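Participant: The following comprises the amino acid sequence and a computationally predicted model.
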Amino acid sequence: MDGREVREYVTLPQPPDETTLAALLDVPGEARLSLERGQDAAGRSRVVIAVAHPDPEVVARTRQNLLRACLARGVRAFVV
């Protein structure tokens, strides 16, 4: 590890309600989660959750926790 932050992005193509988003941002893991809202190329709303940490294994574990939480809540998600 060289101290640089590793990032992965989980896109939610159909943004969930605020309560669900708050729960997703509170999944277990040591990586930092941050939320970005925007639109895709077709103008549809998208939410992207960035998973960041210097250790790629921590990023991977937190990403998996996030994907499991999405699945449990019926939220479509994919990693980009």
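Facilitator: In hand now; what should we look at? Just so you know, these numbers come straight off a predicted model, no measurement behind them.
Participant: Three-state assignment for Pro15, please.
Facilitator: Of the three states, Pro15 takes coil according to DSSP: H, G, I helix; E, B strand; the rest coil.
Participant: do Val59 as well
Facilitator: With three-state DSSP as the basis, Val59 sits in helix.
Participant: if I look at the most centrally placed residue in the chain, how far off is Phe78?
Facilitator: Central residue of the chain (Cα atoms, centre = their mean): Ile49, 3.2 Å from the mean position. Ile49 is 11 Å from Phe78, where distance means Cβ to Cβ, to the nearest Å. Using the backbone N, CA and C atoms, a C-beta is placed for each residue, glycine as well.
Participant: Can you list phi and psi of the residue lying closest to Leu12 once chain neighbours are set aside for me?
Facilitator: Leaving aside its sequence neighbours, Leu12 sits nearest to Val47 (Cβ to Cβ, 6 or more residues apart in numbering; 4.3 Å). Backbone geometry at Val47, expressed as degrees, to the nearest 10, gives phi -120, psi 130.
Participant: ok, Val47 to Val80 distance?
Facilitator: When distance is defined by Cβ to Cβ, Val47 is 12 Å away from Val80.
Participant: coming back round to it: anything in contact with each of Ile49 and Phe78?
Facilitator: Val10 (Cβ atoms under 8 Å, 6 or more residues apart in numbering).
Participant: Any idea how many residues pack against Pro28?
Facilitator: 10 (other Cβ atoms under 10 Å).
Participant: next one: the one 3 residues further on
Facilitator: Using other Cβ under 10 Å, Ala31 has 25 neighbouring residues.
Participant: so who does it touch?
Facilitator: Val51, Ala52, His53, Val58, Val59, Arg61, Thr62, Arg63.
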